[in-house]
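Chemist: next input, structure requested:
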Amino acid sequence: MLNDRQPITGIPRVLISADRSSSGKTTISMGLMAALVSRGYKVQPFKVALDYIDPSYHTEITGRFCRNLDGYLMDENGILDVYTHACEAGEKADIAIIEGVRGLYEGFESLSDLGSTAQIAKILNCPVIFVINARSITRSSAALVNGYKNFDPDVEIAGVILNNIGSRRHAEKAKEAIEYYTGIPVIGIIPRDPSMQISMRHLGLIPALEGRRRFGDGNFEARLHGIEEIINKGIDVDRFLEIAKSAKPLKSPENSVFSSVSDSGASRPKIGVALDEAFNFYYRDNIDLLKLAGAEIVYFSPVKDPTLPEVDGLYIGGGYPELFAAELEANESMRQDIKKASTAGMPIYAECGGLMYLTEKISTGIPGKGTYHDASMPASTYSMVGALPGHTIMGQTRVVSYNIGTLNKDCILGKKGNSFKGHEFHHSEIREIPENAEFAITLSRGTGIKNDMDGLISGNTLGSYAHLHGVAYRELASSLVETARKFRDPGLFRDACIP
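Modeler: Residues are numbered from 1 along each chain as shown. Coordinates of the predicted model:
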């Protein structure tokens, strides 16, 4: 293990990237994390960009909450802040493993590294392990590695892992060519193996929480253990550790957002966070920031719990309510509790899947021009909470985008004029919205709910397709907690930000 006195900014770290999506970096990252945990390392996982699902596996494997790093939403100090906070949380981490997104240089723009994995590697002074899907190529793999190595000399590609290798001869030829022509060592060779595949879903992998339900605890653990075994056989884990230890020290962040901002004399409102198979898309940093702003977090399940817990506000994140629509509809007592809480003025913030749940109904399996259809979503319509107007239709659109928004009125997210960068990722749209419906967010980039508007509101209930990260939009946690505090205290409630 590492010296406990070693500063967080100097702990070993490595970034796992690839030449493109579907090269195998997610499964390889999972296997390496598992292998190091089995050796007794406290592994801190990270994911580049704003995905929720890969991090759910990283969290499951390491026992430490995975954190997201995004160079478009966050400035350099914000990235250092998230990194440092994560490595310090609980027991200090021994090593950080960062999984990249898409290809190493893919980002927001064509002529800069903004929002790319390469940008994060440079900000964190992080050596890169480069994964190649080497199916059907040998000598050409050397040309591929050389191109990535020379494209940006400030990105240090320190090792290569060859994935989807078909035979011993295939491996030997590709390894020899890469090491001869590029000087970069090949530290791993992974054979073609169907057990390295994780089930897919329209937003990516099946989340770990649902994976346990789908496969059962024993089968789920067996799948993860099988991946670990393949990694231990195919990758030189000691060499991987040497590369991680070669990372140069980092500077410490300034003015950390991860400091308590609550008044010690103020009440601690309880914020209920929906967490189950249907709703599990949360950035852990948001939960931490809510706590630091003074909230007590109370988890509940809209699928399983018959009633709401005693809380002063609700946070319903994204997920797959469309796949659990029948169960959500059947839990009528929970839907009624949330509707009553909304009518009473309780602050309720819902993102994407949460927004869909708060509308009047969800329809699945609608025929038409939709880009996504799934046999697990039969044609049907299900009653939802009805705290917000509208009818959610699945499968008729696909939106994957960063968004930029401005609050056009005071609301539970903050004051009029506040602006944010966020993202949206959904296969649904909201129809049958009344003409007099109110929206709290005007988008200058993105799709939103209707006519470049997002943040559909009713009283103190707000639902949006925009996902927000509390490091990129710093008012998120403090605004939600303060509104919940005012709701909790009847004497302050009249001052709460109700339109």
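Chemist: check the gap between the residue nearest to Arg488 when sequence neighbours are not counted and Arg485 for me.
Modeler: Nearest non-adjacent residue to Arg488, counting by CB to CB, 6 or more residues apart in numbering: Asp312, 4.2 Å away. C-beta here means a position set from N, CA and C on the backbone, and glycine is covered the same way. For Asp312, the distance to Arg485 equals 7 Å [CB to CB, to the nearest Å].
Chemist: then Glu329?
Modeler: Distance, Glu329 to Arg485, using CB to CB: 33 Å.
Chemist: low-confidence regions, the stretch 201-350 of the chain specifically.
Modeler: Within the stretch 201-350 of the chain, the stretches with pLDDT under 70 are 201-206, 208-218, 261-265.
Chemist: need the strands for it, in chain order.
Modeler: Secondary structure of the stretch 201-350 of the chain by DSSP state E, counting those that start in this stretch: the strands cover 204-205, 270-274, 279-281, 296-300, 313-316, 318-319, 348-351.
Chemist: mean confidence score for the strand or helix carrying Tyr57?
Modeler: Element membership for Tyr57 (DSSP states H and E) is helix 53-62. In this model, helix 53-62 has a mean pLDDT of 93.
Chemist: kindly report the same for stretch 435-452.
Modeler: Across stretch 435-452, pLDDT averages out at 97.
Chemist: which other residues reach it?
Modeler: 355, 389-390, 399, 401-409, 411, 413, 422, 424, 430, 433, 453-458, 462, 464-466, 499 (CB atoms under 8 Å, 6 or more residues apart in numbering).
Chemist: show me how far it is from its chain's centre.
Modeler: The chain centre lies 24 Å from the centre of stretch 435-452; the measure is CA atoms, centre = their mean, to the nearest Å.
Chemist: helices along the stretch 51-200 of the chain, start to end?
Modeler: Along the stretch 51-200 of the chain, counting by DSSP state H, counting those that start in this stretch, helices occupy 53-62, 76-88, 117-123, 140-151, 168-182.
Chemist: distance between the shortest one and the chain's centre?
Modeler: Spelled out, it's helix 117-123. 18 Å.
Chemist: who are the packing partners of it?
Modeler: strand 13-18, helix 76-88 (3 or more CB pairs under 8 Å, 6 or more residues apart in numbering; DSSP states H and E).
Chemist: just the buried residues of the next helix or strand after the shortest one, please?
Modeler: Think strand 13-18. Using DSSP H and E, the helix or strand that follows strand 13-18 in sequence is helix 25-38. With burial defined by 16 or more other CB atoms under 10 Å, the residues of helix 25-38 counted as buried are 25-37.
Chemist: have a look at the chain and report its longest strand.
Modeler: Criterion DSSP state E: the longest strand present in the chain is strand 391-407.
Chemist: list the helices and strands that strand packs on?
Modeler: In terms of contacts (3+ CB pairs under 8 Å, 6+ apart), strand 391-407 is packed against strand 361-364, strand 419-431, strand 438-445, strand 453-458.
Chemist: kindly recompute the last result at 10 Å.
Modeler: Other elements packing on strand 391-407 under the criterion 3 or more CB pairs under 10 Å, 6 or more residues apart in numbering; DSSP states H and E are helix 353-358, strand 361-364, strand 380-383, strand 419-431, strand 438-445, strand 453-458.
Chemist: can you add mean neighbour count and distance to Val298 and give the helices of the stretch 51-200 of the chain back as JSON lines?
Modeler: Below are the helices of the stretch 51-200 of the chain laid out as JSON lines (neighbours: other CB atoms under 10 Å; distance: least, CB to CB, whole Å):
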{"stretch": "helix 53-62", "mean neighbour count": "23", "distance to Val298": "20"}
{"stretch": "helix 76-88", "mean neighbour count": "21", "distance to Val298": "23"}
{"stretch": "helix 117-123", "mean neighbour count": "24", "distance to Val298": "34"}
{"stretch": "helix 140-151", "mean neighbour count": "17", "distance to Val298": "47"}
{"stretch": "helix 168-182", "mean neighbour count": "17", "distance to Val298": "52"}
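Chemist: give the contact list for Asn286.
Modeler: Asn286 makes contact with 273, 315, 317, 351, 467-471, 473, 476-477, 480, according to CB atoms under 10 Å, 6 or more residues apart in numbering.
Chemist: which residue packs closest to the residue nearest to the spatial centre of the chain, ignoring adjacent ones?
Modeler: By CA atoms, centre = their mean, the chain has its centre lying nearest to Tyr52, at 2.6 Å. Nearest residue to Tyr52, sequence neighbours excluded (CB to CB, 6+ apart): Phe281, at 4.0 Å.
Chemist: what is the burial count for the one you found?
Modeler: For Phe281, the number of neighbouring residues by other CB atoms under 10 Å comes to 22.
Chemist: also Leu480?
Modeler: 28.
Chemist: which phi and psi does it have?
Modeler: Note on Leu480: its backbone torsions stand at phi -60, psi -40 [degrees, to the nearest 10].
Chemist: ok so, going back, any idea which of the helices and strands packed on strand 391-407 is most buried?
Modeler: helix 353-358 (a mean of 28; mean count of other CB atoms under 10 Å).
Chemist: pull the contacting residues for the residue located most distally from the centre of the chain.
Modeler: Distance from the C-alpha centroid of the chain, by CA atoms, centre = their mean, peaks at Arg169 (39.0 Å). Neighbouring residues of Arg169 by CB under 10 Å, 6+ apart: Thr138.
Chemist: which ones are touching Ser38?
Modeler: By CB under 10 Å, 6+ apart, Ser38 lies in contact with 61, 225, 228, 232, 237.
Chemist: identify the residues contacting stretch 325-334?
Modeler: Stretch 325-334 is contacted by residues 274, 276-279, 300-308, 321-322, 324, 335, 337, 356-357, 361-364, 377-378, 380-385, 392, 394 when judged by CB under 10 Å, 6+ apart.
Chemist: list buried residues within the residues you listed.
Modeler: By neighbour count, with 16+ other CB under 10 Å, the contacts of stretch 325-334 hold 274, 276-279, 300, 302-303, 305, 308, 321-322, 324, 335, 337, 356-357, 361-364, 377, 381-382, 384-385, 392, 394 as buried.
Chemist: isn't Ala244 right next to Arg13, touching?
Modeler: Yes. Under the criterion of CB atoms under 10 Å, Ala244 makes contact with Arg13 at 5.9 Å.
Chemist: tell me which of the two has more neighbours.
Modeler: Counted by other CB under 10 Å, Ala244 and Arg13 do not tie: Arg13 has more neighbours, with 27 against 23.
Chemist: give the contact list for that one.
Modeler: Neighbouring residues of Arg13 by CB under 10 Å, 6+ apart: 44, 46, 83, 87, 93, 95-98, 121, 124-127, 243-248, 250.
Chemist: would you mind measuring from it to Tyr357?
Modeler: Counting by CB to CB, the gap from Arg13 to Tyr357 is 38 Å.
Chemist: swap in Lys42?
Modeler: 36 Å.
Chemist: what does Leu308 give?
Modeler: Counting by CB to CB, the gap from Leu308 to Tyr357 is 13 Å.
Chemist: mutual contacts of these two, please.
Modeler: With CB under 10 Å, 6+ apart, Leu308 and Tyr357 have common neighbours 274, 302, 338.
Chemist: right, and the last one touches Gly272 too?
Modeler: Read that as Ile338. Yes. Ile338 is within contact range of Gly272, at 9.4 Å (criterion: CB under 10 Å).
Chemist: could you check how far the residue farthest from the centre of the chain is from Thr138?
Modeler: 9 Å.
Chemist: for Val311, give me its contacts.
Modeler: For Val311, the contact set (CB under 10 Å, 6+ apart) comprises 269-273, 295-298, 300, 341, 346, 484, 487-488.
Chemist: who's in contact with the residue nearest to it when sequence neighbours are not counted?
Modeler: In space, and not counting its chain neighbours, Val311 is closest to Gly272: 3.8 Å by CB to CB, 6+ apart. Shown in contact with Gly272 (CB under 10 Å, 6+ apart): 296-300, 302, 305, 308-316, 338, 341, 346, 348, 484.
Chemist: alright, that wraps it up for me.
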